[in-house]
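Visitor: Here is a sequence with its predicted model. Questions after.
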Amino acid sequence: MAQVLVLGSANADLVVSVPRRPAGGETVLGSDTVVLPGGKGANTAVAAARAGGRVALLGAVGDDGNGALLRRSLEGAGVDAALVAVSRRPTGAAYIAVTPDGENSIVVAPGANADVVAEAPWGRFAVLVCSLEVPVPVVEEAVRAASAAGVRVVLNLSPVVGVAPDVLAALDPLVVNEHEAAELAPSFEGLLELGPRAVVVTLGARGAAVVTRSGVLEVPAPEVDVVDTTGAGDAFAGALAVRLAQGRELVDAAAFAVRVAAFSVTRAGAQPSYPTLAELGER
């Protein structure tokens, strides 16, 4: 039985390395295109499985080569893909430009992700972790259904969109990066006024901040050589969900998630970069 259910997108990542981001109307020559499995939902699920969780993905792909690529990656990582539907639309795609400092710019074509539905045996899971790139009403429906079934709900609100107050109130925690946090509230503590029971703010190379009614506690990240930051936030969300499903306290779960995310940026790509427990030196 899976511990963690991930609701979110599954995309083919079309990655090009570029010397710099082009300005408006400008053409910049890049490397050959590399096609890799990605999407916030699929990334989170693979990261969670490699971090030791029993994981299922609720999503959708097209009946095409990119859909087959994603299924192979999910199943290769041990993710249960039984809840991944096949859509008449093409598999979603993300067009990613990576600069020499490892930073990226991304354009997403949702495709089949628009057909994801909020139907799952909610009571089978300890934690539901949701990400966007799928329709917001579907996410809201899933949060309500899972919460009613006693499932702990984590939402990675990226990109920032409006969600219903009762949905925010069900989150434990809300996960955002520091730029998204600044869009939502003037301070980390102010994020709690939106309604979630707790908040985790990812801080890039600085680690993460855990925000509760008791205050803000920063969890530092190890220093690493950055190769590619693509999918690091998804790695964090997946690892966090696994440790919460295993009964760990939020600060401990965040500390583990920081380690997983830091490891992921030392290798190229999203899903191919995610570490196993053995690579992290854990059993």
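Guide: Noted; the coordinates are in hand. Numbering: from 1, shown residues only.
Visitor: Which residue ranges of the stretch 101-250 of the chain form strands?
Guide: Listed in chain order, the strands of the stretch 101-250 of the chain (DSSP state E, counting those that start in this stretch) span 104-109, 127-131, 152-156, 171-177, 199-202, 208-212, 215-219.
Visitor: Now mean neighbour count too, for these, in JSON lines please.
Guide: Just so you know, the C-beta spots here come from the backbone N, C-alpha and C atoms, and that holds for glycine as well. As requested, these are exported to JSON lines (neighbours: other C-beta atoms under 10 Å):
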{"stretch": "strand 104-109", "mean neighbour count": "15"}
{"stretch": "strand 127-131", "mean neighbour count": "28"}
{"stretch": "strand 152-156", "mean neighbour count": "25"}
{"stretch": "strand 171-177", "mean neighbour count": "24"}
{"stretch": "strand 199-202", "mean neighbour count": "28"}
{"stretch": "strand 208-212", "mean neighbour count": "22"}
{"stretch": "strand 215-219", "mean neighbour count": "15"}
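Visitor: Next, format those strands as a markdown table and append mean pLDDT.
Guide: Listed next are the strands of the stretch 101-250 of the chain as a markdown table, based on pLDDT from 0 to 100:
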| stretch | mean pLDDT |
| --- | --- |
| strand 104-109 | 89 |
| strand 127-131 | 96 |
| strand 152-156 | 97 |
| strand 171-177 | 97 |
| strand 199-202 | 98 |
| strand 208-212 | 98 |
| strand 215-219 | 97 |
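Visitor: Apart from its chain neighbours, what residue comes closest to the residue nearest the centre of the chain?
Guide: Taking C-alpha atoms, centre = their mean, the centroid of the chain lies closest to Asp234, which sits 2.8 Å from it. What sits nearest to Asp234 in space, not counting adjacent residues and going by C-beta to C-beta, 6 or more residues apart in numbering, is Asn43, at 3.5 Å.
Visitor: Equivalent analysis for Pro222, please.
Guide: Nearest to Pro222 is Ala262, by C-beta to C-beta, 6+ apart, at 5.2 Å.
Visitor: Also Ser147?
Guide: Of all residues not flanking Ser147 in the chain, Ala170 sits nearest, at 4.1 Å (C-beta to C-beta, 6+ apart).
Visitor: Report how many residues lie close to that neighbour.
Guide: 23 (other C-beta atoms under 10 Å).
Visitor: mind listing what it touches?
Guide: With contacts defined as C-beta atoms under 8 Å, 6 or more residues apart in numbering, Ala170 is in contact with Val143, Arg144, Ser147, Val153.
Visitor: List just the nearest of those residues to Ala85.
Guide: Val143 (19.3 Å; C-beta to C-beta).
Visitor: Using the three-state scheme, assign the nearest residue to Pro272 once chain neighbours are set aside.
Guide: Nearest non-adjacent residue to Pro272, counting by C-beta to C-beta, 6+ apart: Leu36, 6.3 Å away. State at Leu36, reduced to three classes by DSSP: H, G, I helix; E, B strand; the rest coil: strand.
Visitor: what number of residues lie near Glu141?
Guide: 16.
Visitor: Is it correct that it is in contact with Ala120?
Guide: No: when contacts are counted by C-beta atoms under 8 Å, Glu141 is not listed as touching Ala120 (10.7 Å).
Visitor: May I have the helix or strand hosting Gly59 as CSV, with CA atoms only?
Guide: Taking DSSP states H and E as the criterion, Gly59 maps to strand 55-62. What follows is strand 55-62, C-alpha atoms only, in CSV (Å, rounded to 0.1, in the frame of the first residue of the first chain):
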residue,chain,number,x,y,z
VAL,A,55,4.3,6.3,-3.8
ALA,A,56,1.5,6.6,-6.4
LEU,A,57,0.9,9.3,-9.0
LEU,A,58,-2.5,10.7,-9.9
GLY,A,59,-2.0,12.3,-13.3
ALA,A,60,-2.5,12.0,-17.1
VAL,A,61,-0.3,11.5,-20.2
GLY,A,62,-0.9,11.2,-23.9
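Visitor: Give me the angle between it and strand 127-131.
Guide: Counting by axes from the mean of the first three to the mean of the last three C-alpha atoms, to 10 degrees, strand 55-62 lies at 30 degrees to strand 127-131.
Visitor: And strand 55-62, how far out from the chain middle?
Guide: Centre-to-centre, strand 55-62 and its host chain are 13 Å apart (C-alpha atoms, centre = their mean, to the nearest Å).
Visitor: same deal with stretch 7-19?
Guide: That offset, for stretch 7-19, works out to 13 Å (C-alpha atoms, centre = their mean).
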